[in-house]
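K.L.:
Here is a sequence together with a model predicted from it:
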Amino acid sequence: MAKQSAKQAADKIKERELRFIDKKTPFRRALDYLLMTVACGIYAVGISLFLDPNSLAPGGVTGISIILNRITFLETGTWIFILNIPILAVGMWRFGFRFILSTIYCTALTSLFTNVLSGCGAVTDDLFLAAVVGSSLIAVGMGLVFKAGATTGGLDIVVKLLRLKMPFMKTGSLFLTLDAVVVTASALLFRDIERALYAGMAIFITSVVLDVVLYGRDGAKLIYIISDHHEIITKRLLEELDIGVTYVNGSGAYSGRQKSVIMCVIRKNLSSKAEEIVKEEDPLAFMIITSATEIYGEGYKNLFSEKL
């Protein structure tokens, strides 16, 4: 029964995502594919010019491909494509061909770019710089592909499937867990603890940067304001900060008086200005400020295009 409910919930999410895709205009879809192309190039640069030539296996299909490249005659990009075939087949079965088409495009393009750029050699031989820059480029590439409504294949699809089951888990955290398994395997296979440690650092950096690209930093505050001067405070918040404000009806437990509680979400860099406005209009106001880690709606993120 629980499995059936989970499947129904996943089907609803899939239906909503596809409905969101259907609303895209041809021009918007063309922009998405342009963004995917650039993102795949960035991703491939991180692999071919930084991680692969320094034998740093950053987990996932990419890390497995780098390992296989060292023990076979096939190039890393070719292995990326081969390993993705069964994963893409599962993704096609779960999400449908229309939804997975862009992922096939990104996978093929990433494999191609990786092979083409592999002949350029390493930009740096410093393992620390290679790990930092390479992993950051991979995270930026992945994040941009996700924002365009696709994935780069590999564990991206596995993570997307897991997100349907565990929506409370962040994308970067899931990647961190799965990639750690691959890095551990590479350390045992190559018996090079130092490179494995740098690869582990690369995974951590990818996780952090990916979450920043997808979710942004903790850059928003949720504010509740209880004041007898809520009208003028609201007016100034709307006019001076150009933010949305909502009234929540409440009543004092002791006095029994009805009150309008101001509720608003504001970007972190504007929160101090909001505090100043409240202090100027009502020094006796009761104000609660807390962090808002994820915000969906007008002016922030779209629920279906960015919730991955």
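P.N.:
Arrived safely, thanks for sending.

K.L.:
Just the pLDDT at the closest residue to Ile138 other than its chain neighbours, thanks.
P.N.:
Leaving out its chain neighbours, the residue that sits closest to Ile138 by CB to CB, 6 or more residues apart in numbering is Gly46, at 4.1 Å. C-betas here are computed from N, CA, C, even on glycine. pLDDT, Gly46: 94.

K.L.:
go on, Gly244?
P.N.:
pLDDT, read off for Gly244, is 84.

K.L.:
For the nearest residue to it once chain neighbours are set aside, identify the helix or strand it belongs to.
P.N.:
Closest residue to Gly244 apart from its sequence neighbours, by CB to CB, 6+ apart: Cys264 at 6.4 Å. For Cys264, the host element (DSSP states H and E) is strand 258-267.

K.L.:
pLDDT averaged over that strand, what's the number?
P.N.:
87.

K.L.:
Pull out the buried residues from the next helix or strand after it.
P.N.:
As assigned by DSSP H and E, the chain's next helix or strand after strand 258-267 is helix 268-281. Within helix 268-281, the residues that count as buried by 16 or more other CB atoms under 10 Å are Leu270, Ser271, Ala274, Ile277, Val278, Glu281.

K.L.:
for stretch 80-91, same thing?
P.N.:
Quick answer for stretch 80-91 (16+ other CB under 10 Å): Ile80, Phe81, Leu83, Asn84, Ile87, Leu88, Gly91.

K.L.:
so of the residues you listed, which ones are in helices?
P.N.:
Ile80, Phe81, Leu83, Asn84, Ile87, Leu88, Gly91 (DSSP state H).

K.L.:
The third one - nearest residue in space that isn't next to it in sequence?
P.N.:
So the one you mean is Leu83. Leu83 sits nearest to Val61 (CB to CB, 6+ apart), 4.9 Å away.

K.L.:
Confirm the one you found sits in a strand?
P.N.:
No - counting by DSSP: H, G, I helix; E, B strand; the rest coil, Val61 is not part of a strand but helix.

K.L.:
pretty sure it is touching Ile80, no?
P.N.:
Yes - Val61 is in contact with Ile80 according to CB atoms under 8 Å; the separation is 5.9 Å.

K.L.:
Now for the two: what residues contact both?
P.N.:
Gly153, Gly154 (CB atoms under 8 Å, 6 or more residues apart in numbering).
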